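Chemist: no FASTA, just this:
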């Protein structure tokens, strides 16, 4: 279940600036991806859009590029560099741990900026 939550959050991050899908549409998109590629739904989208290769390694350069191209307003290099050494034992772990690391860094930067405003 934690993988689906992380997948959902990561998909929202990359899709936010373009067009948000309803939760039902996102679930349908993940299932369609899995049906078309034969990859487990929890990692299908990562591989399908090139954020993870077939060996399960995260493509942090693609993540960096995507964050810079979308709505991301924080220091992309700092976030990605901090998370680029995160590695799990399975493809799913890699996707989950990378997502958690990126979200943690975003929260950390966001909280620091809010504290500086006060």
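Modeler: Nice, I can see it. Predicted model only: the values in this text are computed from it and were never measured. Numbering: from 1, shown residues only.

Chemist: pLDDT below threshold where in the protein?
Modeler: Low-confidence segments of the chain, defined by pLDDT under 70, are located at 1-23, 25-26, 37, 42, 70-73, 118.

Chemist: Which parts of it are helices?
Modeler: Ranges of helices within the chain are 2-15, 23-37, 41-48, 60-69, 76-83, 91-117, based on DSSP state H.

Chemist: any idea which of these is most buried?
Modeler: helix 41-48 (a mean of 22; mean count of other CB atoms under 10 Å). To be clear about C-beta, it is placed using only N, CA and C from the backbone, and glycine gets the same treatment.

Chemist: Run the angle between that one and helix 60-69 for me.
Modeler: Interaxial angle of helix 41-48 relative to helix 60-69 (axes from the mean of the first three to the mean of the last three CA atoms, to 10 degrees): 80 degrees.

Chemist: So which elements touch helix 41-48?
Modeler: For helix 41-48, the elements it packs on are helix 2-15, helix 23-37, helix 91-117, judged by 3 or more CB pairs under 8 Å, 6 or more residues apart in numbering; DSSP states H and E.

Chemist: Pull the residues that contact stretch 84-93.
Modeler: Defining contact as CB atoms under 8 Å, 6 or more residues apart in numbering, one finds that stretch 84-93 is touched by 3, 40, 42-43, 52, 56, 58, 60, 94, 96-98, 101.

Chemist: Stretch 107-118 too?
Modeler: Defining contact as CB under 8 Å, 6+ apart, one finds that stretch 107-118 is touched by 74, 75, 78, 79.

Chemist: from the middle of its chain, how far away would it be?
Modeler: Distance, stretch centre to chain centre, for stretch 107-118: 22 Å (CA atoms, centre = their mean, to the nearest Å).

Chemist: So that it lines up with my notes, have the first residue be 56 from now on.
Modeler: Right, with 56 as the first residue, what we last looked at is stretch 162-173.

Chemist: Could you measure from residue 162 over to residue 85?
Modeler: For residue 162, the distance to residue 85 (CB to CB, to the nearest Å) stands at 24 Å.
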